[in-house]
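**Student:** I'd like to go over a predicted model; first the sequence, then the structure.
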Amino acid sequence: MNLKQQFLDYIVTERLFSKKDHLLIAVSGGLDSVVLASLCSACGYQFSIAHCNFQLRAEESERDEAFVSELARSYSVPVFIKKFDTERYAAENKLSIQVAARHLRYAWFNQLVDGDWSIPSSASNDIITGGKVADFLLTAHQADDNIETSVMNFFKGTGISGIRGMRPGQGKICRPMLFARRNDLEQYARENHLQWVEDSSNNSEKYSRNKFRHSILPMVQETYPMAADNILSNIERFREVEILYRERITAILSRLVQKNGDELKIPVLRLKQFPAKATVCYEIIKGYHFTAAQTKAVLELLDAETGK
């Protein structure tokens, strides 16, 4: 089965969007996003393109912006481009460059989808403002990205919600290429004579994802050649496990936690009786900026002397 048909089938199976929806594709100019735009065009979807210029790679960033503008012209679709002072934002908010870029990227994408945006006009000094651009935002994450995300989250200790990787659909964000491996996209691009640009920062192992991509996962596959395929299978299982987990947790919390205005009341004796009380406790406190590592300390309070 060819990639185009797999793409269509995946969209239907995951109930992501329909032909009547207008899509906003996040395009960096790299292989993955160029293939996504090509597939959407080939399948007859209506779409616009959005590109973020984080101004982190000097001339290369400007090259990427120009490439995406030309790509949008080739499809005769609207293109939305915004420049960010990413380094300043990262410094002001005490964030890594990667996290800062993610915050800026999705905040702007959400503005475009929700209809609360403005960008400088390329033809004048005016500011263009507008309403809702699209019904859904599409990102070009693919299966290898999801493998990396799942493994990285395992080491971060994020629990089931992390190791099940990225969801195909999450609110207005859709990831319709999570079924495809990177080599599938490369083959499609060659067969369809697509051009794309390479991000030189993807080769730098100062970024944790690149270290996993270029060193850690290949090292694992030397011992376990089927590791990547097995992780993808686990991701599918963890997605289903999470559904069952959420259903059970919701039922437990509805019986255990009593809401009184802004206060939550949890009967200590009942909580102590749960065989999985650490998990239940974490699900109660995580919404208040507690981490999983702090759960043990919270549980110790159940037996603490008053005032100690």
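**Tutor:** Everything's here; your move. Numbering: from 1, shown residues only.
**Student:** C-alpha only now, for contacts and for neighbours.
**Tutor:** OK.
**Student:** please tell me how far residue 280 sits from residue 134.
**Tutor:** Per C-alpha to C-alpha, to the nearest Å, residue 280 is found 39 Å from residue 134.
**Student:** same question for residue 69.
**Tutor:** For residue 69, the distance to residue 134 - C-alpha to C-alpha - is 18 Å.
**Student:** with residue 103 instead?
**Tutor:** 20 Å.
**Student:** who's more crowded, the two?
**Tutor:** Each of residue 103 and residue 134 has its neighbours counted (other C-alpha atoms under 10 Å); residue 134 has more, 19 against 15.
**Student:** pretty sure the more buried one sits in a helix.
**Tutor:** No. Judged by DSSP: H, G, I helix; E, B strand; the rest coil, residue 134 forms no part of a helix; its state is coil.
**Student:** phi, psi for it please.
**Tutor:** With angles defined as degrees, to the nearest 10, residue 134 sits at phi -160, psi 170.
**Student:** what do you get for residue 25?
**Tutor:** In terms of degrees, to the nearest 10, the main-chain angles of residue 25 are phi -100, psi 120.
**Student:** so what's it scoring on pLDDT?
**Tutor:** Note on residue 25: pLDDT of 98.
**Student:** which residues does it contact?
**Tutor:** Listed by C-alpha atoms under 8 Å, 6 or more residues apart in numbering, the contact partners of residue 25 are 33, 36-37, 47-50, 137-139.
**Student:** helix or strand right after whichever strand or helix holds residue 272?
**Tutor:** Per DSSP states H and E, residue 272 falls inside helix 268-273. Using DSSP H and E, the helix or strand that follows helix 268-273 towards the C-terminus is helix 277-285.
**Student:** mind checking how far the residue most central in space within the chain is from residue 135?
**Tutor:** Geometric centre of the chain, nearest residue: residue 166, 5.9 Å, by C-alpha atoms, centre = their mean. Separation of residue 166 from residue 135 (C-alpha to C-alpha): 20 Å.
**Student:** so where's the stretch 101-250 of the chain shaky on pLDDT?
**Tutor:** Where the stretch 101-250 of the chain drops to pLDDT under 70, the residues are 116-131.
**Student:** where along it do the helices fall?
**Tutor:** 143-156, 160-163, 182-191, 208-211, 217-223, 227-256 (DSSP state H, counting those that start in this stretch).
**Student:** ok, residues contacting the first one?
**Tutor:** Residues lying outside helix 143-156 but in contact with it, judged by C-alpha under 8 Å, 6+ apart, are 159, 162-166, 177-182, 209, 212-213, 228, 231-232, 235.
**Student:** and residue 299, what is it in contact with?
**Tutor:** Residue 299 neighbours (C-alpha under 8 Å, 6+ apart): 278, 281.
**Student:** looking at it now. What's its pLDDT?
**Tutor:** pLDDT, residue 299: 88.
**Student:** export the helix or strand hosting it to CSV, keeping only CA atoms.
**Tutor:** Assigned by DSSP H and E, residue 299 belongs to helix 295-300. Presented in CSV, the C-alpha positions along helix 295-300 are these (Å, rounded to 0.1, in the frame of the first residue of the first chain):
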residue,chain,number,x,y,z
THR,A,295,4.3,11.7,46.2
LYS,A,296,6.2,9.7,48.8
ALA,A,297,6.6,12.8,51.0
VAL,A,298,2.9,13.5,50.7
LEU,A,299,2.0,10.0,51.7
GLU,A,300,4.3,10.2,54.8
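**Student:** just the buried residues of that helix, please?
**Tutor:** 295, 299 (16 or more other C-alpha atoms under 10 Å).
**Student:** next: stretch 251-269.
**Tutor:** Within stretch 251-269, the residues that qualify as buried by neighbour count (16+ other C-alpha under 10 Å) are 256, 266.
**Student:** now do stretch 33-50
**Tutor:** 33-40, 45-50.
**Student:** so which of those are in strands?
**Tutor:** Among the buried residues of stretch 33-50, the ones falling in strands (DSSP state E) are 46-50.
**Student:** for residue 47, give the beta-bridge partners.
**Tutor:** On the basis of DSSP bridges, residue 47 is bridged to residue 23.
**Student:** my guess is it meets residue 79, correct?
**Tutor:** No. Using C-alpha atoms under 8 Å, residue 47 is not in contact with residue 79, being 9.6 Å away.
**Student:** re earlier: reformat the helices of the stretch 101-250 of the chain as TSV; add distance to residue 8.
**Tutor:** Below are those laid out as TSV (distance: least, C-alpha to C-alpha, whole Å):
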stretch	distance to residue 8
helix 143-156	16
helix 160-163	26
helix 182-191	15
helix 208-211	29
helix 217-223	30
helix 227-256	19
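**Student:** of all those, which lies closest to residue 57?
**Tutor:** Among those, the nearest to residue 57 by C-alpha to C-alpha is helix 208-211 (16.8 Å).
**Student:** what's in contact with the closest one?
**Tutor:** Residues from elsewhere that reach helix 208-211, judged by C-alpha under 8 Å, 6+ apart: 148, 152, 202-205.
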